[in-house]
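J.: just the structure for this:
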Amino acid sequence: MPRFDLIPPDALSEGFRTGEQSKPFVVAQIAELSEYAPNAAWFSSLYKQISPRFGKDRASADAEIALKIFQAMSSVPRAVAVQGGFWHALVLSRAQQIVRWRWLDPKTQVVPSDRLLSRHASPWRNGLARLWWVAAVVDGAESRVRTICSLQQAIDSVADQRVAANRSFVEALELRLAAKMWGSDEVKAACRIANQIARTHLLVRFSPTELADAIDAVMEEERKRSKIKS
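T.: Next comes the predicted model:
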């Protein structure tokens, strides 16, 4: 299994992050990508399909991008997908265009470096990795991907938490999102509470409804305590 080298965020110049440098960043093991990912032309085509449809409403494109990249990359081994360096290489050499479009800050005209690379050694903040993982956790099921991608905090919570790959938690999250019972604050709390529950219980023993109810119960207790303290 190949190892993909990490690239430190400070290796990206300001010009590169603003799109002024058109040449791909030089990354190690770039030839290894071809075994696992489409070529640059495929990503360019994806950008041309997606950007006119969503225009300035870029966050709404996340479900479409997630479904497309997972369909094209469903065979990526998990041992590769957890490597930050793999996503670094993919974004910097082949998928710059669509990631720039999705994450360019309209005020600063700069793409956050963690969307081109990732945070530390983790791939979860990378602009493509976070979406691929959402689709991977639910086996590419379209309706489930769309439910999770309806809330940015839900995407980050599925992709960036210790409970990320736990199907019981993801299904509980989907239930509450579909019912519009959890917003960003609740999703943040749900991840923390699910991690706490996982310390003493196997989450797989809960049905999605039971787990969601258990999380809601803890949230309610925390709200009561907060009111008492105040």
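
J.: what's the span of stretch 50-66 from first residue to last?
T.: End-to-end distance for stretch 50-66, by CA to CA, to the nearest Å: 12 Å.

J.: my bad, should have said stretch 100-111
T.: Across its full length, stretch 100-111 reaches 6 Å between end residues, using CA to CA.

J.: can you give me the pLDDT of residue 26?
T.: Per-residue pLDDT puts residue 26 at 55.

J.: try residue 172
T.: Note for residue 172: predicted pLDDT of 93.

J.: now it: how far from residue 76?
T.: Noted for residue 172: a distance of 26 Å to residue 76, by CB to CB, to the nearest Å. Where C-beta positions appear, they are placed from N, C-alpha and C, glycine not excepted.

J.: do me a favour and get the end-to-end distance for stretch 52-60?
T.: Chord length of stretch 52-60, first to last residue, is 12 Å (CA to CA).

J.: before we move on, what about stretch 191-211?
T.: Note: stretch 191-211 ends 12 Å apart using CA to CA.

J.: could you give the average pLDDT over it?
T.: 86.

J.: domain parsing for this protein?
T.: Per the record's domain assignment (automatic domain parsing), the chain is made up of the domains 1-150, 161-230.

J.: reformat those as TSV; add mean neighbour count.
T.: Conversion of the domains of the chain to TSV gives the following (neighbours: other CB atoms under 10 Å):
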stretch	mean neighbour count
domain 1-150	17
domain 161-230	16
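
J.: pLDDT weak spots in this structure?
T.: Along the chain, the model assigns pLDDT under 70 to residues 21-29, 160-165, 228-230.

J.: secondary structure element for the residue nearest in space to the middle of it?
T.: Geometric centre of the chain, nearest residue: residue 130, 1.7 Å, by CA atoms, centre = their mean. Element membership of residue 130 [criterion: DSSP states H and E] is helix 129-137.

J.: show me what the lengthiest helix in the chain packs onto, helices and strands only.
T.: When the chain is parsed with DSSP state H, its longest helix is helix 208-229. Applying 3 or more CB pairs under 8 Å, 6 or more residues apart in numbering; DSSP states H and E, we find helix 208-229 packed against helix 167-178, helix 184-198.

J.: pretty sure the residue nearest to the centre of the chain sits against residue 156.
T.: Yes: at 6.9 Å, residue 130 and residue 156 qualify as touching, with contact defined as CB atoms under 8 Å.

J.: so what's in contact with those two at the same time?
T.: The contact sets of residue 130 and residue 156 overlap at residue 124 (CB atoms under 8 Å, 6 or more residues apart in numbering).

J.: measure stretch 148-155 end to end?
T.: 6 Å.
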